[in-house]
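[1] Take this sequence and fold it.
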Amino acid sequence: MTPAEALLHLRYSGWASRKLMDAVRDLPSGDLTKPVGVSHGSLLGTLNHIYWADRIWCSRVADRSLDFLSEATWELLEHDWPLIQQKWEDWAAGLGDGALDEAVPYKGLNGSPYQTPAWQIVLHVVNHATLHRGQTMAMLRQLGLKPPATDLIYYYREIG
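    Prediction:
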């Protein structure tokens, strides 16, 4: 993976998450928190999980000054998620050749030490968010709504 490919796919993940946030922004709060039996319980719970993972991995890779948050409100997601996304993009934009092959040391949530090449973390972050965005699409369908198109090919088409 090149730095340009890492940036491209991190941008895709941010684009797709923004489309999803836009799609649910005007839902009644009861629909956001309604238990639907998928993923992390509700739309808000699953969005929180995606954000939380983006933030934790960002704190391990791009900005070690970030703290961990266990739960986010809608207002925090709207305000902070774009900032986390920008940190990811700034980090990727500043990478030199070979930087993605370097192992990133970090501790797992259980405290165990790990080292993972940065390129694998980027792919994990993008894939993890994609998985859970897909689950939120199912939740929107359960609510009788049409979810936005967030597949990677739509992003490629949009950016030309």
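[2] Low-confidence ranges, this protein, go.
    Counting by pLDDT under 70, the chain has low-confidence residues at 69-70.
[3] can you pull out the strands in it?
    Here the chain has its strands, by DSSP state E, at 103-107, 113-117.
[4] could you dump these to a markdown table with mean neighbour count?
    C-beta here means a position set from N, CA and C on the backbone, and glycine is covered the same way. Listed next are those as a markdown table, based on neighbours: other Cβ atoms under 10 Å:
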| stretch | mean neighbour count |
| --- | --- |
| strand 103-107 | 13 |
| strand 113-117 | 11 |
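[5] any chance of those in JSON lines, plus distance to Gln142?
    Formatted as JSON lines, these follow (distance: least, Cβ to Cβ, whole Å):
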{"stretch": "strand 103-107", "distance to Gln142": "36"}
{"stretch": "strand 113-117", "distance to Gln142": "35"}
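[6] Ok, which of those strands comes nearest Ile159?
    Closest to Ile159 of the strands of the chain, according to Cβ to Cβ: strand 113-117, at 26.1 Å.
[7] wait, Ala53 sits on Val126?
    No: counting by Cβ atoms under 8 Å, Ala53 stays clear of Val126, with 10.9 Å between them.
[8] who's more crowded, the two?
    Val126 (22 against 15; other Cβ atoms under 10 Å).
[9] how close does that one sit to Glu71?
    23 Å (Cβ to Cβ, to the nearest Å).
[10] which one is Ser29 nearest to, not counting chain neighbours?
    Distances taken as Cβ to Cβ, 6 or more residues apart in numbering place Trp74 nearest to Ser29, at 7.7 Å, with adjacent residues excluded.
[11] Understood, closing this out.
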